[in-house]
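Chemist: Everything below, folded, please.
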Amino acid sequence: EAVNALKQRFGIGIDNPIPPSHIPAIQTENIATLPAKQIGPTTSIPSQRYAISPPPSTTPESVAPQGLASVSPESLRIDPNRFQYKMLHNEQGATGALADVKTYDPNLAGVIQVWHDPTNNATYVVNGHNRAALARRAQAPTVNVQYIDAPSAESARAIGALTNIAQGQGTAIDAAKFFRDTGWTADELREQGISLGQKVAQDGLALSRLNPSLFGAVARGEFPMQRGVIIGSKVPDHTQQHALLRLLDKAQAGSKRLTDATVAELADMATAAPTHTETVMTLFGQESTTASLAVEKAELLAYLRGRLVHEKNLFGKVGQYGAAKELERAGNVINVEQSQGVAQQAQQLLAVFDRLKQRSGPLNDTINEALGKIAGGGNASTIREQLYNRLVTDFPKFIGGGEAATSGTSAGVSGATSSADISLPGF
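Modeler: Numbering: from 1, shown residues only. Down below sits the predicted model:
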């Protein structure tokens with residue numbers, strides 16, 4: 001078009017070069033910025049047609065917002081499938097935690113975590129779906145938000161999930177699903193400043209270690225969550241988890257009522273359960289049958305541990321001067337020094353018991369001996385009481401008796417657990 005204009009104006013073409021007298025004017029002028037009338041009467045194309053496009057706008061509207069801000073709740077978009085870390089929620093991502101609240105108080109609501117999506121310039125709620133829903137219902141003019149600095153929706157969701165876990169929000173199942181999906185470990189959580197003393201994080205990690213079928217049963221409410229936590233924390237191996245579940249099913253089929261404490265003991269001994277061999281005379285001669293005593297031993301260990309915890313707590317409180325004075329007012333004579341001694345002994349024995357109960361040695365032999373008597377038809381209550389008294393009496397023996405190199409056998413009960421040197425501070 002520029003060439004045509006020149007031809008019409010000056011009669012210049014490929015075969016008719018530009019006269020030298022015109023060269024300076026052409027070289028010093030910017031054709032792209034000349035008004036149309038300077039190009040020629042037949043050309044009416046605006047000069048901007050030839051201008052180079054300016055760079056993308058860098059105005060504040062196109063820059064991703066950061067930090068804290070107050071925005072209208074109506075401006076926030078909801079996409080719980082992308083951002084809500086909690087499993088149970090409605091189409092707005094709300095779990096119903098604030099369903100009965102009518103007023104939105106910004107002082108109580110804190111900040112809602114949001115993420116700005118650069119692909120559509122929209123802002124999404126990541127953590128705070130219940131508060132965002134309340135703000136809309138209450139027609140709050142603004143809500144306080146914190147923009148998450150994350151490169152993707154997945155990263156933003158992870159930050160929102162970790163915030164919930166750190167604050168103890170959601171359930172252990174919510175946390176477990178997040179850990180299973182992302183592969184986060186205990187060490188990585190600590191590096192992020194999340195305390196594993198927090199129950200949601202602690203239980204969530206345990207549940208994340210369950211085999212898929214067992215985790216599904218826990219998530220659907222078909223298996224007690226606390227038992228899932230026990231199994232996941234004590235038996236990370238999936239094969240051993242299946243074996244433990246078969247043992248639990250067998251025990252419950254026999255009308256045994258298993259407590260969580262018994263299940264915990266069973267989990268501790270999942271790899272090496274004691275057995276009881278019984279020989280009977282049949283029409284075909286002597287026949288021997290061997291049965292696992294895992295459930296019976298777990299129940300016995302749970303009983304012993306419960307007694308030790310009870311005495312530690314009871315005599316620890318009675319041994320306190322203030323408590324003793326209160327009891328004396330009621331006519332009880334309390335020996336504070338003796339009570340403190342009993343509490344201290346129970347605490348020490350509890351530490352030894354937890355470390356040695358599954359290992360070969362004097363303690364395990366003593367427990368298996370009592371277990372054999374119970375399996376042989378003895379009175380369980382009497383045998384358990386005698387065993388507890390023996391543990392207290394032979395306390396020094398269990399501390400200094402060492403560990404046997406091979407498994408011991410007592411009263412028809414055999415238990416094989418690996419030996420190991422043990423160092424108990426303070427003993």
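
Chemist: Spit out the contact partners of the closest residue to Ile159 other than its chain neighbours.
Modeler: Spatial nearest neighbour of Ile159, chain neighbours left out: Ile148 (5.3 Å); criterion: Cβ to Cβ, 6 or more residues apart in numbering. C-beta: built from backbone N, CA, C; applies to glycine. For Ile148, the contact set (Cβ atoms under 8 Å, 6 or more residues apart in numbering) comprises Gln113, Val114, Trp115, Val126, Ala156, Ile159, Gly160.

Chemist: May I ask which of these has the most neighbours?
Modeler: In terms of neighbour count, Val126 stands highest of the contacts of Ile148 at 30 neighbours, by other Cβ atoms under 10 Å.

Chemist: That one and Ala298: what is the separation?
Modeler: Separation of Val126 from Ala298 (Cβ to Cβ, to the nearest Å) stands at 44 Å.

Chemist: got it, and Gly93?
Modeler: Look at Gly93 and Ala298: by Cβ to Cβ, they are 43 Å apart.

Chemist: any idea of the pLDDT on the residue nearest to Ile159?
Modeler: At Ile148, the model reports a pLDDT of 95.

Chemist: swap in the one 5 residues further on?
Modeler: According to the predicted model, the pLDDT of Ala153 comes to 92.

Chemist: Surely it is in contact with Arg82?
Modeler: Yes - using Cβ atoms under 8 Å, Ala153 is in contact with Arg82, at 5.3 Å.

Chemist: and for these two, which residues touch both?
Modeler: Common neighbours of Ala153 and Arg82 (Cβ under 8 Å, 6+ apart) are Tyr124.

Chemist: any idea which element Gln347 lies in?
Modeler: Element membership of Gln347 [criterion: DSSP states H and E] is helix 336-356.

Chemist: Show the subsequent helix or strand relative to that helix.
Modeler: Following helix 336-356 in sequence order, the next helix or strand is helix 362-375 (DSSP H and E).

Chemist: which strands and helices sit next to that following helix?
Modeler: Applying 3 or more Cβ pairs under 8 Å, 6 or more residues apart in numbering; DSSP states H and E, we find helix 362-375 packed against strand 275-282, helix 294-318, helix 336-356, helix 380-393, helix 395-400, strand 408-410, strand 413-415.

Chemist: just flag whichever of these has the lowest average confidence.
Modeler: When I compare the helices and strands packed on helix 362-375, strand 408-410 is least confident, with a mean of 39.

Chemist: Name the nearest residue to Thr163, sequence neighbours excluded.
Modeler: Excluding the flanking residues, the one nearest Thr163 by Cβ to Cβ, 6+ apart is Asn127, at 5.4 Å.
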